[in-house]
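**Q** below is the sequence, then the predicted model.
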Amino acid sequence: MPSWLLSDTPTVVGIYDVLAQSDKGSTLMLHALLSFDEGRPAVTKTTDVKCVHMGPPFGTHHYQCHAAGSAMLSNEERRKIKTFVGRRLKEREAERARLRRAAREREIRAEYCILPSPQKPTRAFPLWRFSCVGFALQAYRTAHIELLGSPLPLRTLDDLKRFYPYAAAKLDDPQMRKLWGIASGDSWPVSLVGYVLHSLNREPADIRAMPYIPQPGDEHFPRTELYSTR
Amino acid sequence: MSTKDTHRVFLSHKTDVGMRLLEAKRVADYLKEVHGIEPAGDRAVLMPAVVITSALNVRNSVFGPTVTFQIDPVAKISKCMLAPSHQLLGCIQTIIDRLTTDGVAEKTEPWTGVSSLSSATGEEDVLNWIQSPQIILQKLEDPATTAEDRITGVLFAETTDFAPNEIPRLLVILEQFIERHRFATDDELTTAVGSAVRKYAMNMSDHHFDRYGQWLLPSQTDTPGHSVELELTKALGWRLCLEPFSREAVTPALLTTLADLCSVYLNRRLILQENFASTTLDGIVAVAILEAVVCESARTEKLCDAAEALQMNWFSDLLADQLADSIEQINVHSPEVADRIQQHAQLQPMKA
């Protein structure tokens, strides 16, 4: 089943299907989420869909989304993803409790990482860290669905500021860039939301047979003619 | 700036309404998530968040950083949210600080004054003492520390980087906390126990493993909740895969406890409930690794056979994947152990 833009016409979204939010309703996709509604809701672009995602903070929320993609998950694949998500929930509760106690001092993006994503627990920070896309990719990996292959297009700091408009100022902070894994170098193979939609925009058998190799411009969904390939 | 001015400027900026609504939703989620403030109704959540966000934009882009938020909009927001004005006002200030600066708080020097420990009662103190590993330790070691502060200290200890010479003190504190609260049913306490468990597991020495295993055991009257069981087995799995340990860590009691736990849940009806599948997966992997270290395999084989007998493909797949992942990770620091796990677990099918 292809990926699609949500419109005023309701379409069914299954639990753990990928949802995306765009930049002001444009084709540039900024944020990835997983549907977390067991009820297979009919969704429009104005529906508040229950989602699980790496915000940050990681958690479950209701959001309006602009695009969706489905791998037509089987019950067994959903069960595997459910196991993966369930493992994260107590970790999420702890981070939420920290934020509740000291929101002004707590860096909300501490559990977030851009590269690599995901990152394994360490002695100092014994929690998994993800980007929004990394969380979705890891969830699908649990179900043996590898959505993206390599190489990924390299992205500059200016590119990242476009893809992370809410964190653009933070991206100039060397401390934050170190925390997010993009401290050194001048371009990085970052997994982007649009790539995931393009990966899902294939036949279900193809999705499972081979990962999608993203091209420059795939950050848009659908690809835009206005994009000039570098 | 009057309320009318606020609205006028907001309207003059409405070209960016799409983005603003998206921001507003995030702010509304933030209010609910972090401050526990619920909207009065589904749609009501948007209006106050839009007002808050527009106030931010007004403050930043038009009038500069000296304009303070007006009380009148707060009163209006308060009517739409199930929260009193004074609570909302505090939240809004927090949001403004977070969203409009590069972190005033982050630039503040960590508070290191030990002498203020005993007076740590206000919000400002909470905001400060959680930033220092030394103060967290002192606070948690102080018998006079309140239960609430103890929970706060444990939560923040999880994500604090302690120096190697501080770890033994930290482990003693976490041990006491886990032993006191591992049967808790209260969400806040079980969340803090989870934090303590994860931090403890990743930092414990070989001689701590046996004690760690005992936390999975029920008492005569209580048993650890399923979320505590999950964190105990999961964090042990992380530790075994990601950090080296010696055969001194492996005791018969630990192996028996883990194997017994998994055996109970390897039941077609139970495995589909709560997080028992995750607990069991982590437990089996832990048994496989620990047995491989001491060149044993009986428990691993029995558990793998029982898992196969469930005839649940998704569970068998997850088990095979998790064992394969653990082999890959252990191979980094203990290749001979990785080889033995591979042989004992007789992995089928193997992950590519």
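**A** It's in.
**Q** so who does the spatially most distant residue from the centre of chain A touch?
**A** Farthest-out residue of chain A from its mean C-alpha position, per Cα atoms, centre = their mean: A:Arg101, at 27.0 Å. Neighbouring residues of A:Arg101 by Cβ atoms under 8 Å, 6 or more residues apart in numbering or on different chains: B:Val126, B:Ile130, B:Thr152, B:Leu155, B:Phe156. Bear in mind the C-beta positions are built from the backbone N, C-alpha and C, glycine included.
**Q** what's the most distant pair in those?
**A** Comparing every pair within the contacts of A:Arg101 by Cβ to Cβ identifies B:Val126 and B:Leu155 as the most remote, at 11.2 Å.
**Q** neighbour count winner among those two?
**A** Between B:Val126 and B:Leu155, B:Leu155 has the larger neighbour count (other Cβ atoms under 10 Å in any protein chain shown), namely 28 against 19.
**Q** quick one: contacts of the helix or strand where the more buried one lies?
**A** Assessed by DSSP states H and E, B:Leu155 sits inside helix B:147-158. Defining contact as Cβ under 8 Å, 6+ apart, one finds that helix B:147-158 is touched by A:94, A:97-98, A:101-102, A:126-127, B:120, B:126, B:130, B:136, B:139-140, B:145, B:170, B:173-174, B:177, B:188-189, B:191-192, B:195-196, B:198-199.
**Q** ok, now how distant is the most centrally placed residue in chain A from B:Leu319?
**A** Geometric centre of chain A, nearest residue: A:Val133, 2.5 Å, by Cα atoms, centre = their mean. Separation of A:Val133 from B:Leu319 (Cβ to Cβ, to the nearest Å): 27 Å.
**Q** sorry, back to before: just the pLDDT at the residue nearest to the centre of chain A, thanks.
**A** We note a pLDDT of 97 for A:Val133 in this prediction.
**Q** the closest residue to it other than its chain neighbours - how many residues pack around it?
**A** In space, and not counting its chain neighbours, A:Val133 is closest to A:Ser191: 4.4 Å by Cβ to Cβ, 6 or more residues apart in numbering or on different chains. Neighbour count for A:Ser191, taken as other Cβ under 10 Å: 22.
**Q** likewise for A:Lys161?
**A** 15.
**Q** I'd say it and A:Lys170 touch.
**A** No: in this structure A:Lys161 lies outside contact range of A:Lys170 using Cβ atoms under 8 Å: 9.7 Å.
**Q** spatially nearest residue to A:Phe135 (excluding sequence neighbours)?
**A** That would be A:Met54: by Cβ to Cβ, 6+ apart, it lies 4.2 Å from A:Phe135.
**Q** ok, then the element right after the strand or helix carrying A:Val196?
**A** Using DSSP H and E, A:Val196 falls within helix A:193-200. Counting by DSSP H and E, the next helix or strand C-terminal to helix A:193-200 is helix A:204-209.
**Q** is any residue of that next one near chain B?
**A** No: using Cβ under 8 Å from any Cβ of the partner chain, helix A:204-209 stays clear of chain B, with a minimum separation of 12.1 Å.
**Q** which stretches of the stretch 201-350 of chain B have low pLDDT?
**A** B:346-350 (pLDDT under 70).
**Q** same deal with the stretch 1-150 of chain B?
**A** B:1-127.
**Q** let's go with 50 and repeat that
**A** Where the stretch 1-150 of chain B drops to pLDDT under 50, the residues are B:1-20, B:43-45, B:58-73, B:97, B:99-122.
**Q** longest helix anywhere in chain A?
**A** helix A:75-102 (DSSP state H).
**Q** next SSE downstream of it?
**A** That would be, after helix A:75-102 and using DSSP H and E, helix A:132-142.
**Q** and that following helix, what other elements does it pack with?
**A** With contacts taken as 3 or more Cβ pairs under 8 Å, 6 or more residues apart in numbering or on different chains; DSSP states H and E, helix A:132-142 sits against strand A:29-35, strand A:49-54, helix A:75-102, helix A:193-200.
**Q** which of these has the lowest average pLDDT?
**A** helix A:75-102 (a mean of 91).
**Q** for that helix, list every residue counted as buried.
**A** A:76-85, A:87-102 (16 or more other Cβ atoms under 10 Å in any protein chain shown).
**Q** and it, how far out from the chain middle?
**A** Remark: helix A:75-102 is offset 15 Å from the chain centroid, using Cα atoms, centre = their mean, to the nearest Å.
**Q** what angle do that helix and helix A:132-142 make?
**A** Here helix A:75-102 runs at an angle of 140 degrees relative to helix A:132-142 (axes from the mean of the first three to the mean of the last three Cα atoms, to 10 degrees).
**Q** one step back: the residue nearest to A:Phe135 against A:Tyr112, yeah?
**A** Yes: if you go by Cβ under 8 Å, A:Met54 and A:Tyr112 touch, sitting 6.6 Å apart.
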